[in-house]
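Asks: Pasting the sequence and the predicted coordinates here, then a few questions.
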Amino acid sequence: MNMSGSWDRSHQSSVLAPARWGRFALVGIAAASIASASMGQAKPETVTEDGIIAGTMNIDFATRTSRDSSGDLKQGSPAKGVKDKYTFSIAVAKTTEFSGEITRQPNLFTSTLGRKAQDAELFYRVDLAVLNPKDLKQKRTVGRMVGTVPVDPTSGAYDLVGGSKKESALRINVDAVGKASAFVDAFAGRLIGKAEKKESLASFTYKRLVGDRTVEVVVKKSDPMGFENIVLAKGPAEVYPRTVVNGRLDYDYETGNYFADRIRFKYSLDGQDFEDVITGTIKWVEDPDRATNGKGYYDFNLRFNEDKNKTASTEAAAFEKMSAEDAFFAVDNSVPCLTGRITYIDTIPAGSELPTSSKVTYSLNANKLTKQQVMNFFKLWLIAVGPTNDE
């Protein structure tokens, strides 16, 4: 993160950088969705389905186009009060929708004494809706994810509980629907963004078991994005429990790839404790004509509880003749995983490496995952909207 003002997304070193829904039926379905946890399940059911996370996001990087002209701020700073905006509508696990916006403003400092002129923070205003499983165009808003996330000016950490000091804690606030009670649950913990000083980054070797062999990839400049006791608020339905996350998602500045370094999700459901461990990769792939069309995508290959779900012997043979690097990034559908793409069409001004806007399309697929696993990942990805999109 460049805390002096501009926000960077270095994808890669080569980047120029309805029908009416009856009132009682609607309330009934919404209530069933929110109250379903009370029915109790010894083991959550798994789903294998394309588009388990699907939708669009438009990003306006206004801080890159509206510059300070007063002379009061450090040279090159965005104008005071200008914010980047992420506007989106994304369906998660088919029957839940997150739609709204996140705004993001940077730290600003005076030109003479370097005093703080503006605090860096994000503000969430996201509607939460349930969808009719029989007609996904029909939905009802049942609550909101809302609040402020300050960014520490010294460490660059996103303080998920810091908004409470401004009486604006980041939280999920769900209304009473049918027989389901209203609730409010807050986020907490810290997200450590990418390093500001890139010259201090160290190399790191990532290993994984593919088939019957161990393969590895060496990253020369690994930049860890850390999750420190992050608490994901429960909801929108109570079947999606409060979850604690620790681990790292490491970024490779040479390739634009991400490596999930054992991200752990701990939660309780129906009196039973669960821990999911995510490993794997998110690979950045550029269109050959990206310099002119701005296209590229992240290719997801995230595995859930890989250590407990070894590759079947009949599947292992498919990886035997691959190079170590190809095998490392290969999708193995014999284990629970999240695959698919997040696709970008960036507007990149001539002579610049940074986009001034992005049109983003989510199309991620579940293979033998529970809805809780899908929802937990999406909430974490939404918390990391800054670092994963534009740093």
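Replies: Nice, I can see it.

Asks: Residue 356 contacts residue 61, correct?
Replies: Yes. With contact defined as Cβ atoms under 8 Å, residue 356 counts as touching residue 61 (5.3 Å). Yep, even glycine has a C-beta here, placed from its N, CA and C like the rest.

Asks: what is in contact with the two at once?
Replies: With contacts defined as Cβ atoms under 8 Å, 6 or more residues apart in numbering, no residue is shared by residue 356 and residue 61.

Asks: Compare the two (neighbour count), which wins?
Replies: Each of residue 356 and residue 61 has its neighbours counted (other Cβ atoms under 10 Å); residue 61 has more, 26 against 16.

Asks: show me where pLDDT drops low in the stretch 1-150 of the chain?
Replies: For the stretch 1-150 of the chain, the stretches with pLDDT under 70 are 1-42.

Asks: Which parts of it are strands?
Replies: Taking DSSP state E, counting those that start in this stretch as the test, the strands found in the stretch 1-150 of the chain are 46-60, 84-92, 96-105, 108-109, 116-118, 121-132, 135-150.

Asks: With respect to residue 174, which of the ones you listed lies nearest?
Replies: Taking Cβ to Cβ, strand 135-150 is the member of the strands of the stretch 1-150 of the chain nearest to residue 174, at 3.5 Å.

Asks: Give me the sheet partners of the closest one and which way each runs.
Replies: If you go by DSSP bridges, strand 135-150 pairs up with strand 121-132 (antiparallel), strand 171-174 (antiparallel).

Asks: of all those, which lies closest to residue 285?
Replies: Closest of the strands paired with strand 135-150 to residue 285 is strand 121-132, at 27.7 Å (criterion: Cβ to Cβ).

Asks: how far does that closest one sit from the chain's center?
Replies: 14 Å (Cα atoms, centre = their mean, to the nearest Å).

Asks: Check stretch 44-64 too.
Replies: What separates the centre of stretch 44-64 from the centre of its chain is 9 Å, taken as Cα atoms, centre = their mean.

Asks: And the closest residue to residue 381 other than its chain neighbours, how close does it get to residue 107?
Replies: Closest residue to residue 381 apart from its sequence neighbours, by Cβ to Cβ, 6 or more residues apart in numbering: residue 388 at 6.7 Å. Distance of residue 388 to residue 107, computed by Cβ to Cβ, to the nearest Å: 20 Å.

Asks: and if you look at residue 185?
Replies: From residue 185 over to residue 107 the distance is 29 Å, taken as Cβ to Cβ.

Asks: Compare the two (neighbour count), which wins?
Replies: Taking neighbours as other Cβ under 10 Å, residue 185 and residue 107 compare with residue 107 leading, 20 against 16.

Asks: Let me know the distance separating the more buried one from residue 118.
Replies: Relative to residue 118, and taking Cβ to Cβ, residue 107 is found at 7 Å.

Asks: same deal with residue 175?
Replies: From residue 175 across to residue 118, the span is 34 Å (Cβ to Cβ).

Asks: Show the contacting residues for residue 307.
Replies: Per Cβ under 8 Å, 6+ apart, neighbours of residue 307: residue 277.

Asks: wait, is it part of a helix?
Replies: Yes. Counting by DSSP: H, G, I helix; E, B strand; the rest coil, residue 307 is found in a helix.

Asks: give me the low-pLDDT residue ranges for the stretch 151-300 of the chain?
Replies: In the predicted model, the stretch 151-300 of the chain carries pLDDT under 70 at residues 194-204, 206-213, 215, 220-222.

Asks: Mind doing that once more with 80?
Replies: For the stretch 151-300 of the chain, applying pLDDT under 80 flags the ranges 153-156, 177-180, 193-224, 253-254.

Asks: And the strands in it?
Replies: Ranges of strands in the stretch 151-300 of the chain, per DSSP E, counting those that start in this stretch, are 157-159, 171-174, 183-186, 188-192, 202-210, 213-232, 243-252, 258-269, 272-286, 295-304.

Asks: Pipe those into a markdown table and attach distance to residue 336 per row.
Replies: Converted to a markdown table, these look like this (distance: least, Cβ to Cβ, whole Å):
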| stretch | distance to residue 336 |
| --- | --- |
| strand 157-159 | 28 |
| strand 171-174 | 26 |
| strand 183-186 | 26 |
| strand 188-192 | 25 |
| strand 202-210 | 15 |
| strand 213-232 | 19 |
| strand 243-252 | 17 |
| strand 258-269 | 13 |
| strand 272-286 | 9 |
| strand 295-304 | 4 |
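
Asks: right, so of those, which gets closest to residue 125?
Replies: strand 171-174 (11.4 Å).
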